[in-house]
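# Return atomic coordinates for the entry below.
(4 chains)
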There are 4 protein chains.
Amino acid sequence: MDLKMSAEELNAFMHEAFAQAARDFTVEHASMRDITVRLHVDERHLRPGETVSGPAIFALADVAVYLSVLAMIGPEALAVTTSASIDFMRKPAAGVDLIAKAKLLKLGKKLAVGDVLIYSQGRSEPVARASLTYSIPPQRS
Amino acid sequence: MDLKMSAEELNAFMHEAFAQAARDFTVEHASMRDITVRLHVDERHLRPGETVSGPAIFALADVAVYLSVLAMIGPEALAVTTSASIDFMRKPAAGVDLIAKAKLLKLGKKLAVGDVLIYSQGRSEPVARASLTYSIPPQRS
Amino acid sequence: MDLKMSAEELNAFMHEAFAQAARDFTVEHASMRDITVRLHVDERHLRPGETVSGPAIFALADVAVYLSVLAMIGPEALAVTTSASIDFMRKPAAGVDLIAKAKLLKLGKKLAVGDVLIYSQGRSEPVARASLTYSIPPQRS
Amino acid sequence: MDLKMSAEELNAFMHEAFAQAARDFTVEHASMRDITVRLHVDERHLRPGETVSGPAIFALADVAVYLSVLAMIGPEALAVTTSASIDFMRKPAAGVDLIAKAKLLKLGKKLAVGDVLIYSQGRSEPVARASLTYSIPPQRS
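The predicted structure follows:
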């Protein structure tokens, strides 16, 4: 299997299909092995105490695994999240972006499953981990 | 055990502590048994196809269980989400608010666990379910 | 939709298809709304400290939601668990059986999702909660 | 931080504390980075169709992350599983053991979180993934 979309193509797709999200997220790297997505942390992602909110971290996890599915199956696909589990493990560092590193563990005909670790930029211990499952729509031919 | 905060007190607390979130959410009902929270669905919660985004649904689940913890332990507490699992089961109906019904399953010294079902207003089949765990800070005296 | 299998039919099915499991579990009640399954707690389910092991609790959650799917779609189906999340909230009481109360939240063409609470017999506070997703095989006609 | 228990010490601990489990599992490797645990697949772990049962896979995930906590904090600890999420992604291969590769993502004062991938021996694509959280008892001194 080949990568169907590069990092640039994934960013272009986000700009077209999810203009709002494209402001927040940049794909920095995409390969067969993994994908790296940055959350440009902004005031609207913060909770009191200068910490990034849980839902903003969830959104980063979701977009990172979603894009790692699209990288493999191409932009035409209408994958939807069916389930997610997330562990919030450390408080994000103040004033830096969050970096998600996702990888696909399964790409089946009906379901795709991916795993993601999220880091404060420049730190080696993860802020959060998540696993997400997507339902893959039937292939058009 | 008694309810430490009413629906009104929870709404007032949100306005003070999370001004941004208070725009989005209203506690409609709070009792020892359960709590009902409304997400005022707005353009910024939507994805293409007029559907409410996964992260917005996650945020509603998180705030609903968080507030059900506060209802029991009071506003001074600094509970943080440590883990969550969520299942997205149906597409939200277009043009209506989302309603979360949460209940606490455990309120321990260190951890609280709650469950939540999320509905499109007026529908009987849930859009999503989630379970969340919060770490409870040591009691001040 | 009608219930396709009664409690008796579910127990008979377990005896035929999963002879080993049938020693451990009994369906006590099955309706459109929910299903009740008992784990006959035995020495082989225990951990040091007379507590029921996590995997035995997981097995009870899994079988209870699985049977609630079969109750709706009938015995011919080859549903497989695709994901599960479980929270262990209290230590099971010593020397009593565990009772699972499960309900289906979604029964789609491809996926079914159910929720389950597990109690030590005679207690009102749950030992554990779990949610499970099953992949439904394509319908034969 | 140093490894407090080697693979041999973890196996010896299992034999003493969980004689029943020690029949099923062997720690094959333990380091600061990760731990490898084998499930000796036996008839009692199987479901019809020669496949390893979900609860047996869950038990392997649980023991692997549990032992990776003990490797770091030592045998005196009474850690208990508080939550778990698991994705069953592929049918295990018939007639071979299962191999779990677990790593700790967080070792806090109150909670430890670990991740595990499970493989059929000799295969490169995982059968399952899981994440587990353990409550760490207060340190004796």
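
# going forward, measure contacts and count neighbours with C-alpha atoms only.
Noted.

# Dig out what the spatially closest residue to A:Pro126 that is not a sequence neighbour forms beta bridges with.
In space, A:Pro126 comes closest to A:Tyr119 once its chain neighbours are excluded; the distance is 4.6 Å by C-alpha to C-alpha, 6 or more residues apart in numbering or on different chains. When bridges are called by DSSP bridges, A:Tyr119 pairs up with A:Ile99.

# Please see if the longest helix along chain A touches chain D.
Ranked by number of residues, the top helix in chain A under DSSP state H is helix A:54-73. No. Applying C-alpha under 8 Å from any C-alpha of the partner chain, one finds helix A:54-73 separated from chain D by no less than 14.9 Å.

# Could you look up the SS state of A:Ala130?
strand (DSSP: H, G, I helix; E, B strand; the rest coil).

# burial measure for the residue nearest to A:Pro126, as a count.
When neighbours are defined as other C-alpha atoms under 10 Å in any protein chain shown, A:Tyr119 has 23 of them.

# residue contacts, the residue minimising distance to the centre of chain A?
The centroid of chain A falls nearest to A:Ala64 when counting by C-alpha atoms, centre = their mean (1.2 Å). Contacts for A:Ala64 (C-alpha atoms under 8 Å, 6 or more residues apart in numbering or on different chains) come out as A:Ile35, A:Thr36, A:Val37, A:Ala100, A:Lys101, A:Ala102, A:Val116.

# do the same with A:Lys91
A:Thr51, A:Val127.

# partners of the residue nearest to A:Ala7 when sequence neighbours are not counted in the sheet?
In this structure, A:Ala7 finds its nearest non-sequential neighbour in A:Ala30, 5.2 Å apart by C-alpha to C-alpha, 6+ apart. Here A:Ala30 shows beta-bridge partners A:Ile35, assigned using DSSP bridges.

# tell me the contacts of A:Ala30?
Neighbours of A:Ala30 in contact, by C-alpha under 8 Å, 6+ apart: A:Ser6, A:Ala7, A:Thr36, A:Ser68, A:Ala71.

# what about 10 Å?
A:Ala30 makes contacts with A:3, A:5-8, A:10, A:36-37, A:67-68, A:71, A:101-103, as judged by C-alpha atoms under 10 Å, 6 or more residues apart in numbering or on different chains.

# For A:Arg38, which non-adjacent residue is spatially closest?
A:Ile99 (4.6 Å).

# C:Ile86 versus the closest residue to chain C within chain A, what's the distance?
Of all residues in chain A, the one sitting closest to chain C is A:Ser85 (7.8 Å; C-alpha to the nearest C-alpha). A:Ser85 sits 11 Å away from C:Ile86, taking C-alpha to C-alpha, to the nearest Å as the criterion.

# With A:Phe18 instead?
In terms of C-alpha to C-alpha, A:Phe18 sits 33 Å off from C:Ile86.

# Comparing these two, which shows the higher neighbour count?
C:Ile86 (26 against 13).

# and chain A, which of its residues are near chain D?
By C-alpha under 10 Å from any C-alpha of the partner chain, the residues of chain A that approach chain D are A:84-90, A:105-108, A:111-115, A:117, A:125-133.

# try 7 Å this time
A:Ser85, A:Met89, A:Lys106 (C-alpha under 7 Å from any C-alpha of the partner chain).

# So which of the residues you listed would count as near chain B as well?
Filtering the residues of chain A next to chain D for neighbours of chain B using C-alpha under 7 Å from any C-alpha leaves A:Ser85, A:Met89.

# By neighbours, which of the residues of chain A next to chain D wins?
Of all the residues of chain A next to chain D, the most densely surrounded is A:Ser85 (26 neighbours; neighbours counted as other C-alpha under 10 Å).

# quick one: secondary structure of the closest residue to A:Ser131 other than its chain neighbours?
Excluding the flanking residues, the one nearest A:Ser131 by C-alpha to C-alpha, 6+ apart is A:Asp115, at 4.4 Å. Following three-state DSSP, we place A:Asp115 in the strand state.

# cool, and A:Arg38?
Judged by three-state DSSP, the three-state class of A:Arg38 is strand.

# And the pLDDT at it?
pLDDT recorded at A:Arg38 is 98.

# Let me see the contact set for it.
Counting by C-alpha atoms under 7 Å, 6 or more residues apart in numbering or on different chains, A:Arg38 touches A:Phe25, A:Thr26, A:Val27, A:Glu28, A:Asp97, A:Leu98, A:Ile99, A:Ala100.
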